[in-house]
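**Q** below are the sequence and a predicted model; questions follow.
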Amino acid sequence: MEDSKMFKFRRSVIIVPLVMVFTIWFVYWFEIQFGLNFNKYGIYPKTIKGLRGVLFSPFIHSNTSHLFNNSVPLAVLSGALLFFYDKIAFRVLIFGTIVTGLLTWILARSNYHIGASGVVYMLFSFIFFSGIIRKHYRLVALSLMVVFLYGGMIWYVFPIKERMSWEGHLSGFITGIILAFLYRKKGPQKSEYKFKQTDFDLLFDEEGNFIEILEEEVE
């Protein structure tokens, strides 16, 4: 498939990331406006009630710094996903969010885990590893660009900072790798070029040796 057909700009590339970012900002504004605290709707590991955070936690943030730090990479990475992997983008977003939340619920410490950072790490991991696995030159270039922009995030999958859900980051990172492998044959693929045989090619055998052509005798 030609690149022009595989990578075609659609309005969803802009609209979906904007809606996602608007939603998390609106939820935060709603909390502030009405004096609410939605932290209790985050992921609380190994409890039945804490499972609701698998769906709700990406929309909940503790402060404006937390919110802003997630907003920009969420918009950039989701936009890149929708442009370069449009046929599987929504599956990656939905399944990636759910699996990331479930892994966090299983692995994390007993505390409320909130924020869209797990989704951000899932997107980062998927885009990076998917490009490497597929070996398509544009997707590899995208992988390198993502590393250049957000490669520093990798350190936060380790417990190097207090009051940060490194378990959520790690869960997102692992989920991205899994999805990159599972969906490796769906969406854009490396082009396979087949060369058409010409009359010139008929002058050589499979080992590249010249074939002597004798004219047929005319009776």
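**A** Okay, I see it.
**Q** where does the chain dip in pLDDT?
**A** 1-6, 191-219 (pLDDT under 70).
**Q** helices of that one, start to end?
**A** 3-6, 12-33, 53-56, 64-84, 89-107, 117-134, 137-150, 166-182 (DSSP state H).
**Q** I'd like the ones you listed laid out as CSV, including mean neighbour count.
**A** From N, CA and C alone the C-beta is placed, and that goes for glycine too. What follows is those, written out as CSV (neighbours: other Cβ atoms under 10 Å):
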stretch, mean neighbour count
helix 3-6, 11
helix 12-33, 15
helix 53-56, 18
helix 64-84, 18
helix 89-107, 20
helix 117-134, 25
helix 137-150, 16
helix 166-182, 22
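**Q** what's the closest of these to residue 188?
**A** helix 3-6 (4.5 Å; Cβ to Cβ).
**Q** how many other residues sit next to the closest residue in space to residue 85 that isn't next to it in sequence?
**A** Distances taken as Cβ to Cβ, 6 or more residues apart in numbering put residue 187 closest to residue 85, at 4.9 Å, once the chain neighbours are dropped. Neighbourhood size, residue 187 [other Cβ atoms under 10 Å]: 19.
**Q** equivalent analysis for residue 46, please.
**A** Residue neighbour count, defined by other Cβ under 10 Å, stands at 11 for residue 46.
**Q** I figured it was touching residue 110, is that so?
**A** Yes - if you go by Cβ atoms under 8 Å, residue 46 and residue 110 touch, sitting 7.3 Å apart.
**Q** export the helices of the chain to a markdown table and tack on distance to residue 156?
**A** What follows is the helices of the chain, written out as a markdown table (distance: least, Cβ to Cβ, whole Å):
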| stretch | distance to residue 156 |
| --- | --- |
| helix 3-6 | 33 |
| helix 12-33 | 19 |
| helix 53-56 | 20 |
| helix 64-84 | 10 |
| helix 89-107 | 14 |
| helix 117-134 | 8 |
| helix 137-150 | 11 |
| helix 166-182 | 5 |
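**Q** who wins for proximity to residue 157 among these?
**A** helix 166-182 (4.3 Å).
**Q** and the closest one, what other elements does it pack with?
**A** In terms of contacts (3 or more Cβ pairs under 8 Å, 6 or more residues apart in numbering; DSSP states H and E), helix 166-182 is packed against helix 89-107, helix 117-134.
**Q** can I get the ones you listed in a markdown table including distance to residue 67?
**A** Output for the helices and strands packed on helix 166-182, formatted as a markdown table (distance: least, Cβ to Cβ, whole Å):
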| stretch | distance to residue 67 |
| --- | --- |
| helix 89-107 | 17 |
| helix 117-134 | 11 |
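**Q** so which of these comes closest to residue 164?
**A** That would be helix 117-134 among the helices and strands packed on helix 166-182, by Cβ to Cβ, at 8.4 Å.
**Q** on contacts alone, who are the packing partners of that closest one?
**A** If you count contacts as 3+ Cβ pairs under 8 Å, 6+ apart, helix 117-134 packs onto helix 64-84, helix 89-107, helix 137-150, helix 166-182.
**Q** now distance to residue 129 too, for those, in TSV please.
**A** Listed next are the helices and strands packed on helix 117-134 as TSV, based on distance: least, Cβ to Cβ, whole Å:
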stretch	distance to residue 129
helix 64-84	13
helix 89-107	12
helix 137-150	8
helix 166-182	4
